[in-house]
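[1] Only the shape, not the letters, is given here:
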């Protein structure tokens, strides 16, 4: 019998048992979390690709490419500074206005060709692990700029880049001359981010 007011040995044993179980469970959770982080960690920056010639294996859509690097690795590349209409995917049930034309234009320009990749600043990958950069068909032919200039993509105002000003000017020219998607587009056919951008600036039509 325990002394009056003293701890119960059985109760102490139960507490120790559950304390040990809790510690073991926390250790398992920590190990599982570390393992998951290792599996989903961001791919390497690949600074070695800046200014290098790469081959465009396939065009995914109007702003995304699969490239083959000089060491034979395939990488997904997102064209920086622009946003092209989306083709159908899990999140996009139907193609956005001019999505097919945008992808076809880019396909004709670069698919199967060698191009030069140029980075901008220190941001080399986006949150999805895709490389971010500008693609040059020739020294004076940047495909990012051409996509906007010819009306196959928007100048993406959400992110900064060293070509931000030129991309904005190219879009303005494309709108005025109704090139590509600007020939028939209505504001509700634009990406949600651009509709918000227009609303914030009091712009009511695509041609303003």
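    The structure has been received and is ready for your questions. These numbers were taken from a predicted model, which means no experiment stands behind them.
[2] What residues are bridge-paired with residue 79?
    According to DSSP bridges, the residues that bridge with residue 79 are residue 133.
[3] give me every residue that touches it.
    With contact set as CB atoms under 8 Å, 6 or more residues apart in numbering, residue 79 has these partners: 63-65, 133-135, 143-144, 147, 153. In this view, the C-beta of every residue, glycine as well, is placed from N, C-alpha and C.
[4] In the chain, mark out all the helices, start to finish.
    Across the chain, reading from the start of the chain, the helices by DSSP state H fall at 9-40, 99-110, 143-149, 164-176, 192-200.
[5] worst average pLDDT in the ones you listed?
    Between the helices of the chain, the lowest average pLDDT goes to helix 9-40, which shows a mean of 59.
[6] Go through stretch 143-154 and flag the buried ones.
    Neighbour-count burial for stretch 143-154 flags 143-154 (criterion: 16 or more other CB atoms under 10 Å).
[7] Dump those to a markdown table, plus distance to residue 105.
    Rendered in a markdown table, the data for these read as follows (distance: CB to CB, whole Å):
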| residue | distance to residue 105 |
| --- | --- |
| 143 | 10 |
| 144 | 13 |
| 145 | 13 |
| 146 | 9 |
| 147 | 7 |
| 148 | 12 |
| 149 | 11 |
| 150 | 7 |
| 151 | 9 |
| 152 | 5 |
| 153 | 9 |
| 154 | 14 |
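[8] Spatially central residue for the protein, please.
    residue 126 (4.8 Å; CA atoms, centre = their mean).
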